[in-house]
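> Task: produce atomic coordinates for the following.
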Amino acid sequence: MQKDIKSDYQSLMQAAKDTKAEAMMLEFVEQDDGKMVLRTSNDESEDLVSIEFSDKVKELLGDDTQLIGQSMIHAAIQTLMQKQLSQWHANVYDEEPVHYS
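Residues are numbered from 1 along each chain as shown. Alright, predicted model coming up:
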C-alpha cells in the first residue's frame, strides 16, 4: 500500500507541475467499492490520488475511515502547496545595489 501512496503522490505532484499556476477544482469522493479518490471536478475519468483501505483496517477504523482518508489527502495537498511556495520564494534574487547610501 505504501508504494501505491508514493506513486499516487508522485502523480499528484506531476499534475501540479503540468497545470503550473492554473486553478484546479478538486473533489474527494468515495466510490461504490469503498475506494476514496481525489480528482478534478471536470474529469471523472482520471484519479489524481486514490486511497483504498483493507477490510481489516476498515474494521479497525469503523466510521472514521473516510475522515482518515480525507486527512491523508489534506496532508498531501498541504505538502504540495508548501513545496510550491518554497519554489516561488526560491526564485527571488538578491541584486547588489548600484549606489550605497
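> Any idea how far apart the tips of stretch 31-48 sit?
14 Å (Cα to Cα, to the nearest Å).
> same question, stretch 46-54
From start residue to end residue, stretch 46-54 stretches across 22 Å - Cα to Cα.
> what comes up buried for the lengthiest helix in the chain?
For the chain, the helix reaching the highest residue count under DSSP state H is reported as helix 65-90. Buried residues in helix 65-90, defined by neighbour count with 16 or more other Cβ atoms under 10 Å: 65, 69-70, 72-73, 76-77. Quick note: C-beta positions are derived from backbone N, CA and C, even for glycine.
> Using a markdown table, lay out these together with distance to residue 50 and pLDDT.
Formatted as a markdown table, the buried residues of helix 65-90 follow (distance: Cβ to Cβ, whole Å; pLDDT from 0 to 100):
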| residue | distance to residue 50 | pLDDT |
| --- | --- | --- |
| 65 | 14 | 90 |
| 69 | 10 | 90 |
| 70 | 13 | 89 |
| 72 | 11 | 91 |
| 73 | 10 | 87 |
| 76 | 12 | 85 |
| 77 | 15 | 83 |
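> Dump the residues you listed into JSON lines; add distance to residue 45 as well.
Output for those, formatted as JSON lines (distance: Cβ to Cβ, whole Å):
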{"residue": "65", "distance to residue 45": "25"}
{"residue": "69", "distance to residue 45": "21"}
{"residue": "70", "distance to residue 45": "22"}
{"residue": "72", "distance to residue 45": "22"}
{"residue": "73", "distance to residue 45": "19"}
{"residue": "76", "distance to residue 45": "21"}
{"residue": "77", "distance to residue 45": "21"}
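> which one of those is nearest residue 47?
residue 73 (11.3 Å; Cβ to Cβ).
> How about the closest one, nearest residue that isn't a chain neighbour?
residue 38 (5.2 Å; Cβ to Cβ, 6 or more residues apart in numbering).
> Okay then, goodbye and thanks.
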